[in-house]
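Novice: structure of the sequence below:
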Amino acid sequence: MSAPSSEYDVAVVGTGIAGLAAALALARNSCRVVLIGPRQALPPGGNHYHPRVYAISPASRQLLDRLGAWAAMPAERRAPVDAMLVYGDRGSAVELQAWHAGQADLAEIVEATELERGLRNALQVFGVPWIEAEFQGLSRQVNDPRHQIQLSDRSQVRAALLVAADGARSAVRQAAGFELRQRFYDATGLVVHLNAELPHQGRAMQWFTADGILALLPMPDTTEGPQVSMVWSLRSAQAEHLLSLGQNEQAVHLTQRLHTVTNNILGTLQPRTSLRGFPLALQQTPVLAHNGVALVGDAAHVVHPLAGQGLNLGLGDVHALAQAVAEREPWRSAGDERVLRRYARARAEPLVAMRLATDGLYHLFDIPAPPLAWLRNTGMQVVNQMPWLKRQLIRHASGF
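Specialist: Purely as a prediction, here's the structure:
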C-alpha cells in the first residue's frame with residue numbers, strides 16, 4: 001500500500017513483529033502512523049513450521065489480543081506451555097507449573113510467520129499505510145521538531161516521532177547517533193524442529209550443561225507425531241563443528257547428543273528441519289529514546305535467549321511507548337522529549353532486570369568450579385521447595 005501523505009505523527013521503520021505491533025498500537029491511539037520497510041513474503045502453513053518460534057507471555061498475548069492480531073492466528077498453530085522443567089548440571093531441577101500461580105498456562109509457543117500474518121491482517125483492517133522502501137537517512141531543519149526521513153525510492157516522509165524497530169543492526173539507531181554497547185558470548189544459538197518419539201505434554205524443558213544451555217519447546221503435533229523446537233546455546237567451537245557436518249552425519253550426531261543430554265525424556269529426537277546457527281550477544285543502548293527517536297525491540301536491546309523473553313521485552317517496549325504517547329498532554333507532540341523520557345523510565349527496570357538475570361545465569365552455569373556448581377544446584381533445589389517463590393517467578397515471567 002502506498003502512503004497518501006508525507007506528513008505523519010509517527011513513522012515506524014522496521015516491518016518485523018516489533019515494528020508491525022508498534023505501528024498498530026500507535027495507530028489505534030489515534031496517531032497518524034506510517035510503516036516503512038520491505039514486505040517479505042510469508043510462507044504457507046500446512047505441515048511446514050517456520051524455524052523461528054517465540055514463547056509469548058500472557059502480557060504479550062493480551063497486547064496482541066487488544067491489537068486484534070491474536071484472534072487472527074489459528075489456534076492449531078499455537079502450543080500452550082503448561083509447565084517448565086529446568087535441570088541443573090549436578091542433578092538438581094526446578095519444576096514450574098501454570099497452576100502454581102493460578103494461570104491457564106505459562107506461555108504459548110507461536111511461529112514468527114503466524115505472528116506477522118496476524119499483525120499484517122490487523123494493520124490492513126485498521127488502514128495503516130505501508131511504504132515498501134528502505135530507510136536511507138534522516139535530517140531535521142532548524143526550529144522544526146519533525147524528522148525528515150529519506151527513503152530508497154527517493155521519497156521523503158516527515159514525522160514528529162521516528163520509531164526504530166529495524167532490528168539488532170538498526171540503521172535508524174546508527175543514523176540517530178545512539179550509543180551501542182555489545183558483548184559477544186562464546187556461544188552460538190542452534191535452532192531446529194525435532195520429531196519426538198514421546199509426547200511433550202505441554203512441557204518446556206531446559207538443561208544447563210557444561211557445554212551450553214539446551215531448551216526444548218512444545219510445538220503442535222504434525223502428521224508425523226509429536227514435535228518440539230530446539231534452541232541450543234552451544235559453545236561456538238562445538239556449534240561450528242556440528243554445522244559443518246553433512247546433513248545425514250549432522251542428524252545422527254545431533255540425535256546422539258540430545259539423547260545424552262535429555263536422558264531420553266522424549267525418546268528419540270530426530271531433526272525435521274535444517275539446523276541453523278546464529279551468534280549470541282548481549283546488546284544494549286544506554287539511552288532508549290531522545291531527539292524524537294525511540295528504539296523498540298532488538299534495535300534497543302538483545303539478551304541471551306535462555307529465558308525466551310526477547311520478543312516479550314520488545315512487545316513491552318511497544319506497550320510502554322504507545323501508552324506514553326496516548327497519555328501525553330494535548331500540546332505535546334508524539335516525539336516530545338518529555339513523552340520519550342516517560343517511555344524510557346517505564347522500561348528501565350524491566351530491561352535491567354532481564355539483562356542481569358539472563359547474563360547472570362549464563363555466567364553462573366559457565367563456571368565449572370565445584371564450589372560454585374554445588375551452590376547453584378543447591379539453590380535450584382531450594383527454589384523447587386518454595387511454592388511462593390515459584391509463584392513470583394511465574395508472575396514475573398508472565399509480564400513484559
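Novice: quick one: Ser229 from Leu26, how far?
Specialist: Going from Ser229 to Leu26 by CB to CB, to the nearest Å gives 31 Å. In this view, the C-beta of every residue, glycine as well, is placed from N, C-alpha and C.
Novice: for Gly292, same thing?
Specialist: Between Gly292 and Leu26 the computed distance is 14 Å (CB to CB).
Novice: have a look at the two and say which one is more surrounded.
Specialist: The residue with more neighbours, out of Gly292 and Leu26, is Leu26; 26 against 22, by other CB atoms under 10 Å.
Novice: backbone dihedrals for Ala72, please?
Specialist: Here is the backbone geometry of Ala72 (degrees, to the nearest 10): phi -80, psi -10.
Novice: residues in contact with it?
Specialist: Under the criterion of CB atoms under 8 Å, 6 or more residues apart in numbering, the contact list for Ala72 reads 117-118, 121-122.
Novice: in strands, which of the residues you listed fall?
Specialist: When DSSP state E is applied, the contacts of Ala72 are split such that none fall in strands.
Novice: please compute how far stretch 270-278 lies from its chain's middle.
Specialist: 19 Å (CA atoms, centre = their mean, to the nearest Å).
Novice: now do stretch 129-136
Specialist: 23 Å.
Novice: what's the first-to-last distance across it?
Specialist: Length of stretch 129-136, first residue to last, CA to CA, to the nearest Å: 19 Å.
Novice: in that stretch, what's buried?
Specialist: Neighbour-count burial for stretch 129-136 flags 129-131, 133, 135 (criterion: 16 or more other CB atoms under 10 Å).
Novice: swap in stretch 337-355?
Specialist: When burial is assessed from 16+ other CB under 10 Å, stretch 337-355 yields the following buried residues: 339-340, 342-344, 346-347, 350-351, 354-355.
Novice: likewise stretch 168-177?
Specialist: 170-173, 175-176.
Novice: restricted to helices, list the buried residues of stretch 337-355.
Specialist: In helices, defined here by DSSP state H, the members of the buried residues of stretch 337-355 are 339-340, 342-344, 346-347, 350-351, 354-355.
Novice: ok but Pro226 is inside a helix, no?
Specialist: No. Following the definition DSSP: H, G, I helix; E, B strand; the rest coil, Pro226 is strand and is not counted among the residues of a helix.
Novice: that one: what's it in contact with?
Specialist: Listed by CB under 8 Å, 6+ apart, the contact partners of Pro226 are 195-200, 266.
Novice: again with Ala104
Specialist: Remark: with contacts taken as CB under 8 Å, 6+ apart, Ala104 is in contact with 80, 98.
Novice: likewise for Leu340?
Specialist: Contacts for Leu340 were tallied using CB under 8 Å, 6+ apart; they are 289-290, 292, 294, 324.
Novice: relative to Cys31, how far out is it?
Specialist: Counting by CB to CB, the gap between Leu340 and Cys31 amounts to 14 Å.
Novice: same check, this time on Asp65
Specialist: The span separating Asp65 from Cys31 equals 20 Å under the rule CB to CB.
Novice: which one's more surrounded, those two?
Specialist: Ranked by neighbour count (other CB under 10 Å), Asp65 and Cys31 place Cys31 first, with 20 against 11.
Novice: ok, and the closest non-adjacent residue to the more buried one?
Specialist: Nearest non-adjacent residue to Cys31, counting by CB to CB, 6 or more residues apart in numbering: Asp9, 4.3 Å away.
Novice: pLDDT wise, what is that neighbour at?
Specialist: Residue-level confidence at Asp9 comes out at 96, pLDDT.
Novice: which residues touch the strand or helix carrying it?
Specialist: Assignment of secondary structure by DSSP states H and E places Asp9 within strand 7-13. Outside strand 7-13, the residues that touch it by CB under 8 Å, 6+ apart are 19, 22-23, 26, 31-37, 135, 147, 149, 157-166, 171-172, 325, 333-335.
Novice: need phi/psi at the residue nearest in space to the middle of the chain.
Specialist: With distances taken as CA atoms, centre = their mean, the chain has Leu311 as the residue nearest its mean C-alpha position (2.0 Å). Here the main-chain torsion angles of Leu311 (degrees, to the nearest 10) amount to phi -70, psi -40.
Novice: what about it, distance to Phe208?
Specialist: Counting by CB to CB, the gap from Leu311 to Phe208 is 22 Å.
Novice: same check, this time on Val192
Specialist: Counting by CB to CB, the gap from Val192 to Phe208 is 20 Å.
Novice: and Glu349, by the same measure?
Specialist: Shown here: Glu349 relative to Phe208, a distance of 26 Å by CB to CB.
Novice: now swap in Ser155 and tell me
Specialist: Relative to Phe208, Ser155 is positioned 50 Å away (CB to CB).
Novice: who has more neighbours out of those two?
Specialist: Legend: neighbour count by other CB under 10 Å for Ser155 and Phe208, higher for Phe208 (23 against 15).
Novice: quick check, that one in a strand?
Specialist: Yes. Applying three-state DSSP, one finds Phe208 inside a strand.
Novice: show me the helices in the stretch 1-150 of the chain, by range?
Specialist: Under the criterion DSSP state H, counting those that start in this stretch, the stretch 1-150 of the chain carries helices at the ranges 17-27, 58-66, 112-126.
Novice: and these as a markdown table, adding mean pLDDT?
Specialist: What follows is the helices of the stretch 1-150 of the chain, written out as a markdown table (pLDDT from 0 to 100):
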| stretch | mean pLDDT |
| --- | --- |
| helix 17-27 | 97 |
| helix 58-66 | 96 |
| helix 112-126 | 95 |
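Novice: now for those, which one comes closest to Asp298?
Specialist: Comparing the helices of the stretch 1-150 of the chain by their distance to Asp298 (CB to CB), the top pick is helix 17-27, with 7.1 Å.
Novice: the inter-axis angle of the closest one versus helix 58-66?
Specialist: Using axes from the mean of the first three to the mean of the last three CA atoms, to 10 degrees, the direction of helix 17-27 lies 60 degrees away from that of helix 58-66.
Novice: quick one: list the elements packing against helix 17-27.
Specialist: Helix 17-27 is packed against strand 7-13, strand 33-36, helix 58-66, helix 112-126, strand 156-164, helix 310-326, with contacts defined by 3 or more CB pairs under 8 Å, 6 or more residues apart in numbering; DSSP states H and E.
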